[in-house]
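S.K.: return a 3D structure for these sequence lines:
(chains A and B)
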There are 2 protein chains.
Amino acid sequence: MLNPADDRLIAALPEGVVRPLEPRHLDEPRGYFAGQGGLLAVPRNVEEVAAVVRACAEARVAVLPRGGGTGLVAGSVMPEGPAPLVLSMERMTAIRNVWPDEDALVAEAGVTLQQVQDAAAAVDRQFPLSLASQGTAQIGGVLAANAGGTGVLRWGNARALCLGIEAVMPDGSILRDLKRLRKDNTGYSIRDLMIGAEGTLGIITAATLKLAPRPAAVATAMLAVPDPQAALQLLSLAQGMMAGCVTTFELISGQGLAFVAETLPEIRQPLPGAPWSVLLELSLPKGIDPDAAVEDLLGQAMEEGLVLDGAIAQSGQQAAEFWNLREHLPEANRRIGAISSHDISLPLSEIPRFIEDAGAMIAGMGDMRINCFGHLGDGNLHYNVFPGAGRSRADYADLRFRLPEAIYGMVVERGGSFSAEHGVGRLKVADLERWGDPVKLSAMRAIKAALDPQGIMNPGAILA
Amino acid sequence: MLNPADDRLIAALPEGVVRPLEPRHLDEPRGYFAGQGGLLAVPRNVEEVAAVVRACAEARVAVLPRGGGTGLVAGSVMPEGPAPLVLSMERMTAIRNVWPDEDALVAEAGVTLQQVQDAAAAVDRQFPLSLASQGTAQIGGVLAANAGGTGVLRWGNARALCLGIEAVMPDGSILRDLKRLRKDNTGYSIRDLMIGAEGTLGIITAATLKLAPRPAAVATAMLAVPDPQAALQLLSLAQGMMAGCVTTFELISGQGLAFVAETLPEIRQPLPGAPWSVLLELSLPKGIDPDAAVEDLLGQAMEEGLVLDGAIAQSGQQAAEFWNLREHLPEANRRIGAISSHDISLPLSEIPRFIEDAGAMIAGMGDMRINCFGHLGDGNLHYNVFPGAGRSRADYADLRFRLPEAIYGMVVERGGSFSAEHGVGRLKVADLERWGDPVKLSAMRAIKAALDPQGIMNPGAILA
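M.R.: Numbers count the residues shown, from 1 in each chain, chains lettered A, B, ... in the order given. This next block holds a predicted model:
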């Protein structure tokens, strides 16, 4: 049993790291969970992080790592149990090194994703991980969650963009593995294990991140397609013609466009009323004309009946407008107010039938609207269910838990995942128990017990 | 303490899995280690693998997983300790499924890398992992070793090309995680942990592998460069111009060309006598002329003084000839006979000075020749040291262990790795102890003890 973090612990902490907890340290964006008080520690460097964790280990106090607080599964609020020490990385904000010729930089955990992108841009490179919350999300949390976003099709998740980490383990020891190597087969990949572990196996304090050259040209288009099957065929066609250059392939539903029109009428829509749309981006090498490339693709796709209509961005500003529409889908959803949201992934070829079958199932459950959108190129859909027009969430209270149960069941049955990019946190602990492979779960429990025998690191996240 | 695998175990094994051990099950390509007898099990499916492992766990007998036997660090021969059960995957050779539209297939552990490539090609896709031993190396071993090769610059190591695994854990339970998802954040990545664990945490029995579209065009060139620094500047230039399209960037030393000329005079050399050469391959989308692209790059590079001379492949046959030269470097090395070979990686910008400093150090140790070649784009060098001209290995017996010690020291000091792509196996256990991060080692030991408490899985590999 753990002890609460109270004033008795303060004497054991490094000078100057304790600060008053603020409301922002206790909330999560969806508002399902409310954190409780305790202590806040804001260390300035890895040695101080280690000292804090050692003190907590000694006192058997839970450590709750906290980044930008943008996670969507309540991984960094602890509503129950003995009050934790909240360990915020907000003062570890240095970019320690940049090696433009190596396409690498080292950022501390508290640097925001936007700041990493800016540091890359300052040396004519890119950090190709992109999220709606990048202005607030911090690199430590991005890695702890193995965040995804809109560049995964080409660049992979956060894990694929990390070459090395520095971390404090649950006993307060410091893992010094900030290598910047593309190949290093020297034993188990503790790094890949810590990434995605949501702070339950230790705290990532800094990371070497992989940068990439900026493309010589970018082509952006919004394409109306008749249905998800056509969108997938378009993806296949695009990949075949433009091997390796398709960097974004986002699906937008007609319902999504309608929600934006209703709640955010000032957002310009290039193809209003499209039944389904795809936001496509090609990142191209020198020697190719971006307009010609996308027109060639569009011509072929129209000939095959895959595309109904298309708008090709004629300027960076127009491309930004297309992206702006895509990025406001979540805000429109918030304004409509979902009954239940689902971050799912499926094998690509299962997606059209899933969308059909799930739609039919939900129609049978009541009068609801579905906004199904997201990272189609990765098989990752944000499948969100809303009240019927003119009705309110309160009318659907009985469905709040039945919907995820039914949807996840249908997803898992088809080889999919009930958490594609958001992680498990506290929100999906029961789902992991229910749908996870039991042998994988048992390996996870064994590893957690081996590395954190007292169970002080973010207790209650991922594993009950 | 473990028991030897002897006839007493047979009754507990599934019918028909025991076969006589053959010499090929007991050797390793470098001939440093000789395996010992025991039992051989050749299961046909994952249930039989599980039954074999359960029987060994019960009898406390070591399990030695065996793939194609091409590993270079003696990970699959056990020269010491109680005789193991050799668990060969040679009968698990099915490609269970191919999904061309999803760029994925499921292969059993005993399928060779070449067969995976062929299966991908049969549906107009590629599996972009490529190794000299691909005709013999099996997918199970490729993943256990997290193999690298010549496509890592663009495609990553084996780990990056695996979407899911099926594996038998040390207690005989079956991990069923053969997903084919690009995003799946449902707990610790046990898959990434098992990949690269060299069979010490369980046995991978099948894997979902990521395929890729074939490029619309490929451009291949052999370029003579004045020195490694120029080669790195050329890499940077190529990445900047052809973002994402540089798929191979191999370094060849003048010494390597001389060894080939001496031992394999029938191999055609496009640029004989070059001090250093780069084998460059671009994989290009539709809409770009491959000749023009590589000529553009070459023109710019010559203007900047980075390239002395170049040969651009005018046909697939000529490209194959360039590759043939690259692929015969290891054979020429074998014929000359190295004193000591080193699979190292370094941060890219450290490479030129390392090559200089290590060369000077070795010159100070005696009359030796150095063939430094390999995957420069990944910072991965095969740094091999040979007797001076006309002398024999026997003259250098005292250096056989001093050389690695000195070279690895110099590598680690510069942030590099003493095992870039070959792994640890039994050959580098002491090196890992010596040069590995102690906190990482301690996490590895805790995980090994947690998942394999009896220590039956490939004992003696990676961890002593």
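S.K.: could you use CA atoms for every contact and neighbour count after this?
M.R.: Will do.
S.K.: got a pLDDT number for whichever residue of the stretch 1-150 of chain A sits closest to chain B?
M.R.: Going by C-alpha to the nearest C-alpha, chain B is nearest to A:Glu102 of the stretch 1-150 of chain A, at 5.9 Å. Note for A:Glu102: predicted pLDDT of 96.
S.K.: pretty sure it contacts B:Leu348?
M.R.: Yes - under the criterion of C-alpha atoms under 8 Å, A:Glu102 is in contact with B:Leu348, at a separation of 5.9 Å.
S.K.: who touches A:Val168 in this structure?
M.R.: A:Val46, A:Val49, A:Ala50, A:Val53, A:Ile174, A:Leu175, A:Gly202, A:Ile203, A:Ile204, A:Thr205 (C-alpha atoms under 8 Å, 6 or more residues apart in numbering or on different chains).
S.K.: which residues touch the closest residue to chain B within the stretch 351-464 of chain A?
M.R.: Closest approach between the stretch 351-464 of chain A and chain B, counting by C-alpha to the nearest C-alpha: A:Ala420, at 4.2 Å. Counting by C-alpha under 8 Å, 6+ apart, A:Ala420 touches A:Asp343, A:Ile344, A:Ser345, A:Asn380, B:Lys183, B:Asp184, B:Asn185, B:Thr186.
S.K.: on the three-state scheme, the residue nearest to it when sequence neighbours are not counted is what?
M.R.: Nearest residue to A:Ala420, sequence neighbours excluded (C-alpha to C-alpha, 6 or more residues apart in numbering or on different chains): B:Asp184, at 4.2 Å. Secondary structure, DSSP: H, G, I helix; E, B strand; the rest coil: B:Asp184 is coil.
S.K.: for A:Leu346, see how far away B:Asp184 is.
M.R.: 9 Å (C-alpha to C-alpha, to the nearest Å).
S.K.: same question for A:Ala145.
M.R.: 19 Å.
S.K.: ditto for A:Phe127
M.R.: For A:Phe127, the distance to A:Leu346 - C-alpha to C-alpha - is 26 Å.
S.K.: what of A:Arg30?
M.R.: 24 Å.
S.K.: higher neighbour count, the two?
M.R.: Comparing A:Arg30 with A:Leu346 by other C-alpha atoms under 10 Å in any protein chain shown, the one with more neighbours is A:Leu346, at 28 against 13.
S.K.: I'd assumed A:Glu413 was in contact with the more buried one.
M.R.: No - using C-alpha under 8 Å, A:Leu346 is not in contact with A:Glu413, being 10.0 Å away.
S.K.: can you list phi and psi of A:Asn324 for me?
M.R.: phi -60, psi -40 (degrees, to the nearest 10).
S.K.: what strand or helix carries A:Leu432?
M.R.: Here A:Leu432 sits within helix A:429-435, counting by DSSP states H and E.
S.K.: right, I mislabeled it, should have said A:Gly196
M.R.: For A:Gly196, there is no helix or strand it lies in under DSSP H and E.
S.K.: please enumerate the helices of the stretch 351-464 of chain A.
M.R.: Ranges of helices in the stretch 351-464 of chain A, per DSSP state H, counting those that start in this stretch, are A:351-365, A:402-413, A:429-435, A:438-451.
S.K.: oh sorry, the question was meant for chain A
M.R.: A:46-59, A:113-121, A:139-144, A:152-155, A:190-194, A:228-241, A:254-263, A:290-303, A:316-327, A:329-336, A:351-365, A:402-413, A:429-435, A:438-451 (DSSP state H).
S.K.: count of neighbours near A:Ser442?
M.R.: A:Ser442, neighbours per other C-alpha under 10 Å, totals 13.
S.K.: same question but for A:Arg268, I mixed them up
M.R.: 14.
S.K.: one more: the one 5 residues further on?
M.R.: A:Gly273 has 15 neighbouring residues, counting by other C-alpha under 10 Å.
S.K.: separation between it and chain B?
M.R.: Between A:Gly273 and chain B the distance is 29 Å, computed by C-alpha to the nearest C-alpha, to the nearest Å.
S.K.: shouldn't that residue be in contact with A:Gly254?
M.R.: Yes - between A:Gly273 and A:Gly254 there is a contact under C-alpha under 8 Å: 6.3 Å.
S.K.: list the contacts for the residue of the stretch 51-200 of chain A found nearest chain B?
M.R.: Nearest residue of the stretch 51-200 of chain A to chain B (C-alpha to the nearest C-alpha) works out as A:Asp184 at 4.3 Å. The contact partners of A:Asp184, taken as C-alpha under 8 Å, 6+ apart, are B:Ser345, B:Ser417, B:Phe418, B:Ser419, B:Ala420, B:Glu421.
S.K.: from those, pick the one nearest B:Leu161.
M.R.: B:Glu421 (14.8 Å; C-alpha to C-alpha).
S.K.: tell me how many other residues surround the closest one.
M.R.: B:Glu421 is flanked by 27 other residues according to other C-alpha under 10 Å.
S.K.: that one against B:Thr150, yeah?
M.R.: No - contact criterion C-alpha under 8 Å: B:Glu421 and B:Thr150 do not qualify, at 10.9 Å.
S.K.: quick check on the residue nearest the centre of chain A: phi, psi?
M.R.: Centroid-nearest residue in chain A, with C-alpha atoms, centre = their mean: A:Ala147, separated by 3.5 Å. Recorded main-chain torsions at A:Ala147 are phi -60, psi 160, according to degrees, to the nearest 10.
S.K.: residues near the nearest residue to A:Ser189 once chain neighbours are set aside, how many?
M.R.: Nearest residue to A:Ser189 in three dimensions, chain neighbours excluded: B:Leu193, at 5.7 Å (C-alpha to C-alpha, 6+ apart). Residues lying near B:Leu193 (other C-alpha under 10 Å) number 20.
S.K.: for B:Leu193, what are its contacts?
M.R.: A:Tyr188, A:Ser189, A:Ile190, A:Asp192, A:Leu193.
S.K.: surely the third one is in contact with B:Leu441?
M.R.: No - with contact taken as C-alpha under 8 Å, A:Ile190 and B:Leu441 are classed as non-touching, separated by 9.3 Å.
S.K.: quick check: closest non-adjacent residue to A:Phe322.
M.R.: Going by C-alpha to C-alpha, 6+ apart, A:Phe322 has A:Met222 as its nearest residue, at 6.9 Å.
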